[in-house]
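K.L.:
fold the stuff below for me.
(one chain, ligands or ions: 2)
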Amino acid sequence: MITLFSDKGSPGCTTAGLSLAMVAGAILIEADPFGGDLAYRLRRGRQPLPETPTLLTAAALARTTTPDETLLQASHAVGEQARVVPGYGFAEHAASVDWQRLASTASHATVPTVVDVGRASSASPALPLLADADLVIPVLRPTMEAFLRVRDRLQRLLPVIADLRSGPPSVVPLLVVQPRHARSLAADLDDFLASTSSGPVVHPTAWIAEDAAGAADLYRSQARRGPLMKSAGQAWAALQASAPADRDQAGVS
Ligand SMILES: Nc1ncnc2c1ncn2[C@@H]1O[C@H](COP(=O)(O)OP(=O)(O)OP(=O)(O)O)[C@@H](O)[C@H]1O
Ligand SMILES: [Mg+2]
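P.N.:
Ligands and ions are numbered 1, 2, ... in the order given. Presented below is the predicted three-dimensional model:
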């Protein structure tokens with residue numbers, strides 16, 4: 001299980017999650033406590049996705065059903081090989097989700113899971129999904145403001161996650177960036193974070209392309225092999241390489 005989160009702004013966390021799930025044949029779980037976008041964006045014609053299943057379905061099934069069966073029943077097929085558990089529509093639903101159980105379900109599935117917890121802080125109810133993740137992935141754009149915010153966010157969040165999981169998590173920042181600047185800006189972020197107290201647990205930055213046409217295609221479930229999907233394939237490989245090998249299953253799961 002890998003878990004993506006953002007700080008302020010909308011850097012493209014959900015879009016990054018969907019593109020990674022598409023290239024990896026994974027299940028994307030839109031576990032944003034503030035409510036989801038996928039049911040609306042993954043329209044079939046003018047209709048949103050059917051009202052069920054959503055994250056609420058997964059939360060209900062998780063009480064009685066195995067992780068694989070829960071995620072299969074609570075998800076929609078998207079594209080050729082990915083599945084999506086869309087977030088619920090309204091933030092009011094957060095109180096009816098057992099986030100700890102959801103985290104246990106997502107982390108024990110045999111299929112790879114990509115989780116999007118949206119804007120995260122140590123007060124987020126979705127914290128268990130960060131604590132149980134093989135990789136914790138802050139998604140950001142390449143601005144100095146975003147670099148500073150991610151540094152400060154990690155400094156607050158990582159000790160809380162480390163407490164919950166009894167050890168520091170592995171972190172891979174994910175930049176949403178124009179491909180021609182990706183290498184140098186990723187190196188800038190690596191240098192910047194290396195000089196902070198979070199440095200030791202932060203792996204090299206991965207990136208996916210800023211590609212508006214690619215993002216629009218993605219939400220029409222037409223993942224053409226443009227910059228977004230190409231970079232998502234490379235990012236997935238980089239994430240696999242950064243995932244700790246000493247978990248009970250090899251690689252990211
Ligand atoms: N890689 C990308 N290239 C171009 N546009 C993108 C990319 N990712 C996201 N966008 C656009 O940016 C907007 C926000 O994207 P998205 O919903 O993925 O962000 P988010 O961080 O999940 O936001 P929120 O905080 O609202 O959940 C959308 O209009 C989306 O199409
Ligand atoms: Mg989002």
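K.L.:
now the residue of the stretch 51-200 of the chain found nearest ligand 2: closest residue in space, sequence neighbours ignored.
P.N.:
When distances are taken as C-beta to the ion, the stretch 51-200 of the chain reaches nearest to ligand 2 at Gly118, 5.1 Å away. Quick note: C-beta positions are derived from backbone N, CA and C, even for glycine. Of all residues not flanking Gly118 in the chain, Asp32 sits nearest, at 3.2 Å (C-beta to C-beta, 6 or more residues apart in numbering).
K.L.:
what of Phe147?
P.N.:
Phe147's closest residue in space is Phe192 (C-beta to C-beta, 6+ apart), at 5.4 Å.
K.L.:
residues near the nearest residue to Ala109 once chain neighbours are set aside, how many?
P.N.:
Spatially, and ignoring its direct neighbours in sequence, Ala109 is nearest to Pro67 (4.3 Å; C-beta to C-beta, 6+ apart). Residues lying near Pro67 (other C-beta atoms under 10 Å) number 19.
K.L.:
helix or strand for the residue of the stretch 51-200 of the chain closest to ligand 2, which one?
P.N.:
strand 113-119 (DSSP states H and E).
K.L.:
other SSEs contacting that strand?
P.N.:
For strand 113-119, the helices and strands in contact under the criterion 3 or more C-beta pairs under 8 Å, 6 or more residues apart in numbering; DSSP states H and E are strand 2-6, helix 13-24, strand 27-30, helix 99-108, helix 127-131.
K.L.:
and the next helix or strand along the chain from the third one, does that touch ligand 2?
P.N.:
Using DSSP H and E, the helix or strand that directly follows strand 27-30 along the chain is helix 38-41. No. Using C-beta under 5 Å from the ion, helix 38-41 stays clear of ligand 2, coming no nearer than 8.5 Å.
K.L.:
just the buried positions in helix 38-41, please.
P.N.:
Leu38, Ala39, Arg41 (16 or more other C-beta atoms under 10 Å).
K.L.:
in contact with the residue nearest to Ala109, which residues?
P.N.:
Counting by C-beta atoms under 8 Å, 6 or more residues apart in numbering, Pro67 touches Ser104, Thr105, Ala106, His108, Ala109, Thr110.
K.L.:
cool, thanks, signing off.
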